[in-house]
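Undergrad: coords please:
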Amino acid sequence: MAEKSKKLKLAAVGDIHTRETDKGKWAERFREISHEADILLLCGDLTDTGDEEEAEVLSGELKACTIPVVAVLGNHDYEKGRQKLIRQIIQNENIHVLEGEAVVIKGVGFAGVKGFGGGFDNHMLSMFGEEAMKAFVQEAVDEALHLDRALARLDASEEKLKKIAVLHYAPIKDTIIGEPEAIYPFLGCSHLAEPLNSRKVEAAFHGHAHAGALEGKTRSGVKIFNVSEPILTKKGYEKPFFIYELNA
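TA: The predicted structure is shown next:
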């Protein structure tokens, strides 16, 4: 008899920008999420200015969360060069902060990277010209390679494992539409979509573009969700976290 699939609820939100003054702001929300979902995804910009004190506040608030958490860092978390400390403060046995790594939880594989900019489709920046420009493009390529390797590890661990990608930067243009076109190259890049398509990812979640759009798809049909908190608020979510139901 074929094994029956089960529904798994993923709660997702990005860009919560925790500040030192936020003690008590997030705990109740994390408690609610724990009642309504099975796993929480945090899509970067966990802190507002990249301070370890902000990470300490978030770590305290996350004690109210009783479900597993999968997180990535965002560009704000890198602002002061203390991203390693921030990761160290936040992660524990229940909170997985992924930087090119993968984890399997409740029978689903999660791969996470921050990602980077570079632009989309025919307007992607190319590795040509000044060394600074080549370094910018190389950073985006490297992040995509880290994502691909993490997804490959999941593929190797179990055949037909359903895979979810957690990002900060956008892998497609559709979910940043609403932002000024002039800043598209700084909001994500198409390099990130390549492993999502080739590794047949179920869905990917990102933040970063506060004025973008909630949903989109890659060219091969991978579902992409921009769960930046300002977007969820703008879309009228009473509780600003997005719930995705997955047949695990």
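Undergrad: For the longest helix along the chain, buried residues please.
TA: The residue-count maximum for a helix in the chain (DSSP state H) belongs to helix 131-157. Residues 136-137, 139-140, 143-144, 146-148, 150-151, 153-154 are the ones in helix 131-157 that count as buried (16 or more other C-beta atoms under 10 Å). Just so you know, the C-beta spots here come from the backbone N, C-alpha and C atoms, and that holds for glycine as well.
Undergrad: If you average the pLDDT over it, what comes out?
TA: Taken as a whole, helix 131-157 has a mean pLDDT of 96.
Undergrad: Renumber starting at 44 from here on
TA: Yes, from this point I'll number from 44; that puts the last item at helix 174-200.
Undergrad: For it, which helices and strands make contact with it?
TA: strand 144-148, strand 151-155, strand 205-209, helix 236-241 (3 or more C-beta pairs under 8 Å, 6 or more residues apart in numbering; DSSP states H and E).
Undergrad: about what we covered before: dump the buried residues of helix 174-200 into JSON lines; add distance to His119 as well.
TA: Formatted as JSON lines, those follow (distance: C-beta to C-beta, whole Å):
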{"residue": "Phe179", "distance to His119": "19"}
{"residue": "Val180", "distance to His119": "22"}
{"residue": "Glu182", "distance to His119": "17"}
{"residue": "Ala183", "distance to His119": "18"}
{"residue": "Glu186", "distance to His119": "16"}
{"residue": "Ala187", "distance to His119": "21"}
{"residue": "His189", "distance to His119": "20"}
{"residue": "Leu190", "distance to His119": "20"}
{"residue": "Asp191", "distance to His119": "25"}
{"residue": "Ala193", "distance to His119": "22"}
{"residue": "Leu194", "distance to His119": "25"}
{"residue": "Arg196", "distance to His119": "28"}
{"residue": "Leu197", "distance to His119": "28"}
